[in-house]
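Peer 1: Just to be clear, the model below is a prediction. Sequence and coordinates:
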Amino acid sequence: MDEAGAPRASGWRGLWQSKTFTRALVSLGLSAAAMNTCQLYSHLEWRVMHPVLNKPALMAVEMQVPLEELMEGLERMERVFAWLALGFTVWAFRSGTPRWPAGGAALAAMCAWIASWHLYV
């Protein structure tokens, strides 16, 4: 029984109806968006900007500025997605039971957040 006295659904139906599961799904979606944006940023940096910076004759200076602005925008979007994923994960943990969907979302959100730092070794 829930707070209103109605019978609580069990099994998969109860899982789909739980606030924890839906918030964890949103967090997973935001984590995927952050990781995809990270991949786009890396491709732009290493496949376009890196060769251009090593051989400046390949691209006009007028094109370098818009590409740098695009990279800054991608980096900003990636960080927003990662922080929102972390926020939804915390919200999912605070939503009640079951907590395992929030645990799975926390792993993905932390990976997206760490990837948003752009650490290269």
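Peer 2: That came through fine.

Peer 1: which secondary structure elements does the strand or helix carrying Thr22 contact?
Peer 2: Under the criterion of DSSP states H and E, Thr22 resides in helix 19-43. The contact analysis (3 or more CB pairs under 8 Å, 6 or more residues apart in numbering; DSSP states H and E) places helix 19-43 against helix 61-94, helix 100-115. (Each C-beta comes from the backbone N, C-alpha and C, glycine too.)

Peer 1: Centre of the chain to the first one, how far?
Peer 2: Okay, so that is helix 61-94. How far helix 61-94 lies from its chain's middle: 8 Å, per CA atoms, centre = their mean, to the nearest Å.

Peer 1: The last one now?
Peer 2: Here helix 100-115 is found 9 Å from its chain centre; the criterion is CA atoms, centre = their mean.

Peer 1: Which strands and helices lie in contact with it?
Peer 2: By 3+ CB pairs under 8 Å, 6+ apart, helix 100-115 packs against helix 19-43, helix 61-94.

Peer 1: looking at the ones you listed, which is closest to Cys111?
Peer 2: Judged by CB to CB, the one of the helices and strands packed on helix 100-115 that comes nearest to Cys111 is helix 19-43, at 7.1 Å.
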